[in-house]
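Asks: Mind looking at a prediction? Sequence and model below.
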Amino acid sequence: PLHAKGAVGNVLWMDPAFRAGLAPGMRIQAVDGASFKPQVLVRALVLAERNHHPLRLIVAERRRLPYGC
């Protein structure tokens, strides 16, 4: 699932999010050049499906602290 602020939740093996390289904890910041909002993502998904083109995402990875910190 994707949370309202663009945070990626669980990603299933070989689903579209997995194949796109998304992982839990990442955050989608932009979709096709527009700042992330749920309605922006939905509109982009509909257009991508209709026009057979991939989405362009800007994604931030969560920061991880070194082991033992």
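Replies: Noted; the coordinates are in hand.
Asks: okay, CA-based contacts and neighbour counts for the rest of this
Replies: Will do.
Asks: pretty sure residue 47 belongs to a helix, no?
Replies: Yes: assessed with DSSP: H, G, I helix; E, B strand; the rest coil, residue 47 lies in a helix.
Asks: Give the burial count for it, as a bare number.
Replies: By other Cα atoms under 10 Å, the residues close to residue 47 number 14.
Asks: for residue 8, same thing?
Replies: 20.
Asks: and it, how far is that from residue 54?
Replies: Taken as Cα to Cα, to the nearest Å, the spacing of residue 8 relative to residue 54 amounts to 18 Å.
Asks: Torsion angles phi and psi at the spatially most central residue of the chain?
Replies: The centroid of the chain falls nearest to residue 28 when counting by Cα atoms, centre = their mean (4.4 Å). Here the main-chain torsion angles of residue 28 (degrees, to the nearest 10) amount to phi -80, psi 120.
Asks: can you map out the helices along this protein?
Replies: Per DSSP state H, the chain has helices spanning 16-19, 38-51. These are given in chain order.
Asks: helices and strands around the longest one, which ones?
Replies: For helix 38-51, the helices and strands in contact under the criterion 3 or more Cα pairs under 8 Å, 6 or more residues apart in numbering; DSSP states H and E are strand 27-31.
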